[in-house]
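Trainee: Give the three-dimensional model of this entry:
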Amino acid sequence: MNYLENKFSKISALAVLGLMISVQLFAQDGGLDIDIDLGKPEWYEQPWVWVVGAAAFILILVAIVRRKR
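Mentor: Next up, the predicted model:
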């Protein structure tokens, strides 16, 4: 009988765990539509600022490396 009781307890635990997981998954499906509009982007969020900054950094780095030779 101990084998059947052990098997029943394992099946019960797995069933409860499966139920809890499915409840959690359904709870996450709220269907919310959140619109995050922060308005106009800041100057440091513009792509051209990053491109110009990267180019200036590379030029400064090359100048420093050439000066050490």
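
Trainee: Going by C-alpha atoms from here, please, whenever you check contacts or count neighbours.
Mentor: Fine.

Trainee: After the top helix by length along the chain, which helix or strand is next?
Mentor: Secondary structure of the chain read by DSSP state H shows that its longest helix is helix 2-28. As assigned by DSSP states H and E, the chain's next helix or strand after helix 2-28 is helix 47-68.

Trainee: what mean pLDDT does that following helix have?
Mentor: For helix 47-68, the per-residue pLDDT values average out at 93.

Trainee: Equivalent analysis for stretch 26-40, please.
Mentor: 75.

Trainee: start to end distance for that stretch?
Mentor: End-to-end span of stretch 26-40 (CA to CA, to the nearest Å): 36 Å.

Trainee: 22 is where my numbering starts, stick with that
Mentor: Will do, 22 is the new start, and the previous item becomes stretch 47-61.

Trainee: chain center to the longest helix of the chain, what's the gap?
Mentor: Taking CA atoms, centre = their mean, to the nearest Å, one finds the center of helix 23-49 at 29 Å from the center of the full chain.

Trainee: again, but for stretch 61-75
Mentor: For stretch 61-75, the gap between its own C-alpha mean and the chain's C-alpha mean amounts to 23 Å (CA atoms, centre = their mean).

Trainee: residues of the longest helix of the chain that come out buried?
Mentor: By neighbour count on 16 or more other CA atoms under 10 Å, the buried set for helix 23-49 is empty.
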